[in-house]
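A.B. asks: This is a predicted model, with the sequence first.
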Amino acid sequence: MKTLARVAGLICVSLGIASFSFDEAPRMQVELESVARVGSVMVDGDVCQRIVTDRAKEFLFASDPRDKFVAGDNYDVDDAAFSTVKKTLVRLSHLASFPADVNLWMPIDGHPDKVQLVIRNKNEMSQFWNWGELYGEMAPQMNTVLKTGQQVTVTSKPGWISILAPVHNSLGDVVGLIEVVSQIKVDAHENVK
């Protein structure tokens with residue numbers, strides 16, 4: 001029976017259909033860790049720091065009585081920087097042999113307990129992002145990556161594997177992190193609200 005399941009899994013992979021069992025989680029984790037190592041080298045921290053404009057940073061925590069519902073939703077980016085990094089993240093996601101995303105998270109100046117999802121990938125997979133949020137609480141694992149520069153594996157959400165890896169600028173400082181993420185069994189309807 002186990003052999004039949006593996007053969008079915010290989011057929012699904014060759015046809016591009018996501019169907020992984022929990023037996024395959026260790027293999028998936030190894031692939032995601034490899035993608036994260038490559039991503040940590042390939043993603044340019046200097047470019048990442050230019051993505052969110054100063055205007056957007058000012059509005060992130062602002063409240064405006066004339067615009068009380070969307071004051072924090074004024075997300076503005078430097079198009080060239082955003083596109084450059086987004087393309088790199090998409091290419092990195094294709095290094096996995098199964099559906100995966102590579103997302104960019106950046107700390108928020110003046111708010112050490114907050115982190116912003118600057119770029120999310122096509123499948124919108126993340127263990128840390130809540131639908132519709134521009135920023136959230138800094139997860140302890142993210143804080144570890146930002147402070148130590150070490151890659152961290154997170155499997156706290158059942159059925160999910162995230163590898164958090166540092167993003168460095170040209171001075172060698174850790175300025176952000178990437179989340180290389182997948183689900184053991186992808187739910188195509190998860191983000192349908």
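C.D. replies: Perfect, thanks for sending it.

A.B. asks: CA atoms for contacts and neighbours, from now on please.
C.D. replies: OK.

A.B. asks: Just give me the longest helix of the chain.
C.D. replies: Counting by DSSP state H, the longest helix found in the chain is helix 25-42.

A.B. asks: Pull out the buried residues from that one.
C.D. replies: By neighbour count with 16 or more other C-alpha atoms under 10 Å, helix 25-42 contains the buried residues 25, 28, 29, 31, 32, 33, 34, 35, 36, 37, 39, 40.

A.B. asks: Hmm, the third one is touching residue 161, no?
C.D. replies: Yes: taking contact to mean C-alpha atoms under 8 Å, the distance of 6.6 Å between residue 29 and residue 161 places them in contact.

A.B. asks: Can you tell me what sits against the longest helix of the chain?
C.D. replies: Contacts to helix 25-42, defined as C-alpha atoms under 8 Å, 6 or more residues apart in numbering, come from residues 88-89, 92-93, 95-96, 151, 153, 161-168, 177-181, 184.

A.B. asks: Let me see the contact set for the residue nearest the centre of the chain.
C.D. replies: Ranked by distance to the mean C-alpha position of the chain (C-alpha atoms, centre = their mean), the top residue is residue 103 at 2.4 Å. By C-alpha under 8 Å, 6+ apart, the contact set of residue 103 is 89, 117, 118, 119, 120, 121, 126, 178, 179, 180.

A.B. asks: Check the secondary structure at residue 136 for me.
C.D. replies: Residue 136 falls in the strand class when you classify it by DSSP: H, G, I helix; E, B strand; the rest coil.
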